[in-house]
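**Q** fold the following.
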Amino acid sequence: MERRLEAMALLQADVHTPHCLSLLNVAGHRTSRIVIGENTGKLNCIGWKRGPVPVFSAHVDGPVNAVCVSEERIFVAYSSSVRGFSRKGKVFFEMDGCISEPIKFLHVNGQHLLVCGNHMLTVFLDGKELHYYMSPDDVLDLLPLGPMQGDAKARFATLFASRNRTLRLLQGAAVTQTLQLDAVPLAVSASLHACSGVAVVCGLASGQIVFLDVTADGIRELWRLPADGKTGVSALVCCMLEGRRTVVAGREDGCVDVYCESQENADVYELLSSHKLSSGVVSLCAGTLTESDKVDIVAALFSGEVVDLTLAPPAATEVESVEAQAARLALINALQADVAALEQQIAAANESLASSSSSQPQATAAATATSTAVNVVLPSLPEVILRESFELVASDAAYILTLEAVNAIESVLIQSDAPTDVLDVKANNAVVTFARPDLQEENHLLALYRCTPGTTRFQVKIRSIEGHHGMLSVYVTQNSGLRTSVLRQFELKPLALHTRVTEVDDDRPQSKLKIHGQFSMAEMLHWLDSCLPGVPSRLPVEDVVTLLFQSTLLETQLCVRFKLCGAEMTSDNLSTLVILKDWITQRASLKNCAITASLEVNEQSVGSVLSRLRPLLQEQKHLADKTALVAPIKELVAQEGNAENLSPALAAIYENAAQLTAEQERNPCFLERLHGMVTDLYVDRSKLKGHNALEKIPQLAALLQHNDWDAITEFFAAS
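**A** The predicted structure is shown next:
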């Protein structure tokens with residue numbers, strides 16, 4: 001039976017980043033205290049006595065990046081320094097310059113101090129460096145495990161999640177185990193489920209929650225909780241709730257889900273309760289905050305609000321008394337009156353601010369004319385706090401652009417100087433207007449989204465066309481008294497629809513690209529990074545670096561191996577290698593670096609790509625044909641008054657008209673893009689053979705339009 005979560009706002013803080021919230025347990029006190037670090041450098045410790053009660057406040061020399069609590073001690077990370085506070089707010093520990101990048105993660109266990117930034121992880125013992133590790137990919141979250149059972153060396157172990165969809169087990173300074181996932185891991189937490197090693201749960205960007213068994217011998221996946229259409233898991237915490245092992249997941253859209261183990265099967269977790277908050281969840285904690293016999297879930301939101309969530313009693317969930325209903329309605333009416341009064345005050349303040357802004361030019365002109373000193377108050381622009389992400393969704397072969405702001409978003413303007421398609425998102429309620437593309441100005445996309453009032457989160461899917469490079473510019477406009485707009489830009493890479501993988505099929509027919517020249521490994525890594533997503537930002541410490549990719553659209557593969565002054569790329573898609581060759585040659589020319597590139601074509605790989613394109617093209621062609629018949633069939637049914645005279649095929653189209661139209665709208669222009677991929681494959685192949693393909697493109701286009709695959713295969717074989 002699903003239960004209700006009761007939410008209570010605790011405080012508003014200037015905190016918008018994860019790992020800045022924790023609970024402090026103090027001996028002699030039955031309830032915990034909230035410890036929260038703010039972007040202003042302020043550290044707050046707050047207790048509870050019939051409401052939030054400040055215990056102490058302290059300041060550090062910069063924005064707080066992470067907070068950790070250990071044995072009634074509070075540790076704060078800011079910039080690359082760590083400071084320790086007692087439970088009363090007195091400083092007892094300071095360490096500066098721990099690592100050469102800002103600290104994002106902080107953990108203290110006894111005499112061990114662990115600090116980690118985007119790439120650098122260092123473990124200190126009694127203030128002296130014990131272990132050091134440089135991650136080749138961005139670290140998104142980590143979980144210190146301490147010495148692992150079965151490790152004879154008793155090395156300090158850490159499990160960390162990387163942006164390239166990998167979990168790594170670090171023992172000492174060496175990675176001993178890895179686990180490749182099908183989505184980016186955003187959060188990891190110690191769990192309570194039964195296993196042979198350390199129980200861990202991992203939240204993915206796809207919305208799934210993975211239960212793991214971590215031992216010195218390997219990382220093993222036990223089972224998963226499905227996403228069920230939910231957004232990515234941004235925070236996790238595990239606790240005992242009403243005597244059952246529980247996993248609490250905070251999601252990017254502000255939803256908090258509580259999963260409890262089934263009473264019949266301990267290996268099955270069921271959704272017990274779910275609650276939608278006003279903003280995305282960045283941190284979660286669980287403990288006894290308001291009452292000693294009740295578990296509280298404390299959530300820090302991107303908007304800066306800190307919320308306490310408690311599970312409502314079963315009786316309160318099932319039946320609400322008449323007195324409770326009356327009290328709730330009275331409270332709602334009182335709150336609505338307060339909100340109306342506050343809105344009037346805000347409107348008056350906005351009018352005053354606007355009048356002072358409009359009178360500024362006249363005041364300045366008068367001061368110039370009379371040569372007298374006039375003090376003019378300039379209205380300051382409100383700070384725009386915006387969180388953005390542009391992530392590839394492999395299942396959709398498209399990027400999802402997510403924008404979240406503290407204040408309401410009024411409109412979003414999207415502009416692209418490379419060919420792109422905009423796909424619809426169900427959660428997006430904005431009204432969109434498209435402008436006609438201006439190809440002379442390299443303006444391929446211009447879309448304006450007008451958001452509904454109160455919108456703080458915006459999502460849209462973007463699909464680029466491989467072979468084209470450009471920038472996606474996003475202008476986000478807010479109206480908080482003064483209308484302000486901020487610009488965010490995202491690079492559209494030539495092979496943007498490829499994703500990193502850990503293995504490829506060596507049995508496929510593959511073409512080969514070889515590049516030689518006087519270039520360093522760092523230069524080749526930079527050229528690859530500007531062409532492919534998921535390339536490590538730091539050069540791996542290897543003589544020969546191997547990177548594996550897979551196309552999310554066609555599932556073709558790409559293997560890149562490079563060393564000093566040499567590189568070799570193999571792929572079953574000839575067009576992929578042609579794009580790489582052209583891009584690397586262009587980048588090398590800008591660097592005045594002479595290179596030689598040779599491409600060996602495997603004719604079987606061309607047929608392999610065509611066999612992968614065929615089912616996609618046939619599916620989209622049939623969908624387009626059926627969608628084109630929807631309007632005439634509806635008109636015919638309206639004239640006849642019924643659908644009895646329709647053939648079975650036409651009747652099926654009429655019954656599924658809404659589904660067919662929605663599916664077509666989800667992937668507009670997809671059929672044209674697939675036709676373009678077949679045409680590009682033919683042009684690339686002909687160019688490498690020294691043939692002129694322009695004369696035969698109209699003939700190929702006609703064959704594609706009729707979906708005649710026997711003729712298309714013969715056309716490629718004859719060329």
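**Q** all contacts plus neighbour counts: C-alpha atoms, from now on.
**A** OK.
**Q** excluding its backbone neighbours, what's nearest Ala597?
**A** Ile515 (4.5 Å; CA to CA, 6 or more residues apart in numbering).
**Q** go ahead and confirm the one you found touches Lys563.
**A** No: at 10.5 Å, Ile515 and Lys563 do not qualify as touching, with contact defined as CA atoms under 8 Å.
**Q** circling back to that earlier point, if I've got this straight, the residue nearest to Ala597 is in a helix?
**A** No: counting by DSSP: H, G, I helix; E, B strand; the rest coil, Ile515 is not found in a helix; it is strand.
**Q** and it, how far from Ile400?
**A** Distance from Ile515 to Ile400, counting by CA to CA, to the nearest Å: 34 Å.
**Q** cool, Asp421 as well?
**A** For Asp421, the distance to Ile400 equals 12 Å [CA to CA].
**Q** count of neighbours near Ala418?
**A** Counted with other CA atoms under 10 Å, the neighbours of Ala418 add up to 23.
**Q** now it: phi and psi?
**A** phi -130, psi 150 (degrees, to the nearest 10).
**Q** who touches it in this structure?
**A** 442-445, 464, 468-472, 492 (CA atoms under 8 Å, 6 or more residues apart in numbering).
**Q** of these, keep whichever come out buried.
**A** Buried members of these, scored by 16 or more other CA atoms under 10 Å, are 443-445, 464, 468-470, 472, 492.
**Q** which of those sits closest to Gly41?
**A** Nearest to Gly41 among the buried ones among the contacts of Ala418, counting by CA to CA, is Leu472 at 33.7 Å.
**Q** from the rest of the structure, what touches stretch 262-275?
**A** Outside stretch 262-275, the residues that reach it (CA under 8 Å, 6+ apart) are 1-5, 193, 225, 255-261.
**Q** can you list residues touching both of Asp421 and Ile400?
**A** Listed as contacting both Asp421 and Ile400 by CA under 8 Å, 6+ apart are Ile462.
**Q** reformat the contacts of stretch 262-275 into a markdown table and put secondary structure, neighbour count and pLDDT next to each item.
**A** Conversion of those to a markdown table gives the following (DSSP: H, G, I helix; E, B strand; the rest coil; neighbours: other CA atoms under 10 Å; pLDDT from 0 to 100):
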| residue | secondary structure | neighbour count | pLDDT |
| --- | --- | --- | --- |
| Met1 | coil | 10 | 53 |
| Glu2 | coil | 13 | 70 |
| Arg3 | coil | 18 | 76 |
| Arg4 | coil | 19 | 82 |
| Leu5 | strand | 22 | 83 |
| His193 | coil | 21 | 76 |
| Leu225 | strand | 16 | 89 |
| Cys255 | strand | 20 | 91 |
| Val256 | strand | 26 | 91 |
| Asp257 | strand | 20 | 91 |
| Val258 | strand | 24 | 91 |
| Tyr259 | strand | 22 | 90 |
| Cys260 | strand | 24 | 89 |
| Glu261 | strand | 20 | 86 |
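**Q** possible to save those as a markdown table with distance to Asp572?
**A** Formatted as a markdown table, these follow (distance: CA to CA, whole Å):
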| residue | distance to Asp572 |
| --- | --- |
| Met1 | 51 |
| Glu2 | 50 |
| Arg3 | 52 |
| Arg4 | 53 |
| Leu5 | 52 |
| His193 | 43 |
| Leu225 | 35 |
| Cys255 | 42 |
| Val256 | 43 |
| Asp257 | 43 |
| Val258 | 45 |
| Tyr259 | 43 |
| Cys260 | 46 |
| Glu261 | 46 |
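**Q** out of those residues, who's nearest Arg500?
**A** Relative to Arg500, the closest of these is Leu225; by CA to CA it sits at 23.9 Å.
**Q** from Glu270, how far off is the closest one?
**A** Applying CA to CA, the value for Leu225 to Glu270 is 9 Å.
**Q** now do Val306
**A** 26 Å.
**Q** which one of the contacts of Ala418 is nearest Leu342?
**A** Distance to Leu342 across those (CA to CA) is lowest for Leu472, with 38.5 Å.
**Q** in the sheet, which residues pair with that closest one? Tell me.
**A** Beta-bridge pairing of Leu472 under DSSP bridges involves Ser416, Phe490.
**Q** ok, it to Ser395 distance?
**A** Leu472 sits 22 Å away from Ser395, going by CA to CA.
**Q** can you show me the helices along the chain?
**A** Here the chain has its helices, by DSSP state H, at 314-318, 322-370, 521-529, 574-590, 603-640, 648-655, 657-666, 670-689, 697-706, 709-718.
**Q** okay, these in JSON lines with distance to His112 next?
**A** Converted to JSON lines, the helices of the chain look like this (distance: least, CA to CA, whole Å):
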{"stretch": "helix 314-318", "distance to His112": "43"}
{"stretch": "helix 322-370", "distance to His112": "49"}
{"stretch": "helix 521-529", "distance to His112": "35"}
{"stretch": "helix 574-590", "distance to His112": "46"}
{"stretch": "helix 603-640", "distance to His112": "53"}
{"stretch": "helix 648-655", "distance to His112": "65"}
{"stretch": "helix 657-666", "distance to His112": "52"}
{"stretch": "helix 670-689", "distance to His112": "54"}
{"stretch": "helix 697-706", "distance to His112": "65"}
{"stretch": "helix 709-718", "distance to His112": "65"}
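**Q** of all those, which one is nearest Val237?
**A** Of all those, the one in closest proximity to Val237, counting by CA to CA, is helix 314-318 (22.9 Å).
**Q** give the rounded mean pLDDT of the closest one.
**A** Here helix 314-318 scores 53 as its mean pLDDT.
**Q** kindly report the same for stretch 660-675.
**A** Average pLDDT, stretch 660-675: 82.
**Q** got it, and stretch 573-592?
**A** Mean pLDDT, stretch 573-592: 92.
**Q** now swap in stretch 165-183 and tell me
**A** Stretch 165-183 shows an average pLDDT of 87 in the prediction.
**Q** next one: that stretch to chain centre, how far?
**A** Distance of stretch 165-183 from the chain centroid (CA atoms, centre = their mean, to the nearest Å) equals 20 Å.
**Q** can you list contacts of it?
**A** Stretch 165-183 is contacted from outside by 131-133, 155-162, 184-185, 204-206, 216-220, 502, using CA under 8 Å, 6+ apart.
**Q** between the two ends of that stretch, how far is it?
**A** End-to-end distance of stretch 165-183 (CA to CA): 6 Å.
**Q** and Gly62, how far from Ser80?
**A** When CA to CA is the yardstick, Gly62 and Ser80 sit 10 Å from each other.
**Q** ok, now Gly89?
**A** 21 Å.
**Q** please enumerate the strands of the stretch 101-250 of the chain.
**A** Ranges of strands in the stretch 101-250 of the chain, per DSSP state E, counting those that start in this stretch, are 105-109, 112-116, 120-125, 128-134, 139-147, 156-162, 166-171, 174-180, 185-190, 198-204, 209-215, 218-225, 233-241, 244-251.
**Q** now distance to Leu528 too, for those, in TSV please.
**A** Converted to TSV, the strands of the stretch 101-250 of the chain look like this (distance: least, CA to CA, whole Å):
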stretch	distance to Leu528
strand 105-109	29
strand 112-116	27
strand 120-125	23
strand 128-134	21
strand 139-147	21
strand 156-162	19
strand 166-171	20
strand 174-180	22
strand 185-190	24
strand 198-204	26
strand 209-215	32
strand 218-225	30
strand 233-241	29
strand 244-251	33
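**Q** follow-up on the earlier one: which one of the buried ones among the contacts of Ala418 is nearest Glu555?
**A** Among these, Ser464 lies closest to Glu555 (CA to CA), at 16.3 Å.
**Q** list the contacts for the closest one?
**A** Ser464 makes contacts with 398, 418-421, 492, 496-497, as judged by CA under 8 Å, 6+ apart.
**Q** again, 7 Å this time
**A** Contact analysis of Ser464 by CA atoms under 7 Å, 6 or more residues apart in numbering lists 419-421, 492.
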